[in-house]
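Participant: got a sequence here, can you build the structure:
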Amino acid sequence: MAETKLLPKIGSKVKININKVKDRLPAKLIDQISSNPRVITTGYKMTDGRSIGITVRLQNGQENWFFPEEIEKG
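Facilitator: Numbering: from 1, shown residues only. Alright, predicted model coming up:
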């Protein structure tokens, strides 16, 4: 389980590690993240019980969530 102290604060600027997510996302979203991986954290999401997800806002305003290991500091 992710430790809360290691999660980025809401409003933080972070980057999505495209290499860790490209096998599970649609091609359109991969292209968007590839062109600009910088996002802003908007909240947290309870996942399947093993981790806490991080919700983020992409540059186009769309929101998605990712596991903490898929996100890097900005």
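
Participant: looking at the protein, which helix or strand is least sure?
Facilitator: strand 71-73 (a mean of 92; mean pLDDT, DSSP states H and E).

Participant: quick check: buried residues in that one?
Facilitator: Ile71 (16 or more other C-beta atoms under 10 Å). Where C-beta positions appear, they are placed from N, C-alpha and C, glycine not excepted.

Participant: ok, residues contacting it?
Facilitator: Pro8, Val14, Lys15, Ile16, Asn17, Ile54, Val56 (C-beta atoms under 8 Å, 6 or more residues apart in numbering).

Participant: who does it pair up with?
Facilitator: strand 13-16 (antiparallel) (DSSP bridges).

Participant: which SSE is immediately downstream of the strand it pairs with?
Facilitator: helix 18-21 (DSSP states H and E).

Participant: returning to that earlier point: can you put the contacts of strand 71-73 in CSV and add pLDDT and distance to Tyr44?
Facilitator: As requested, the contacts of strand 71-73 are exported to CSV (pLDDT from 0 to 100; distance: C-beta to C-beta, whole Å):
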residue, pLDDT, distance to Tyr44
Pro8, 92, 10
Val14, 97, 13
Lys15, 97, 18
Ile16, 97, 16
Asn17, 96, 18
Ile54, 95, 6
Val56, 97, 11
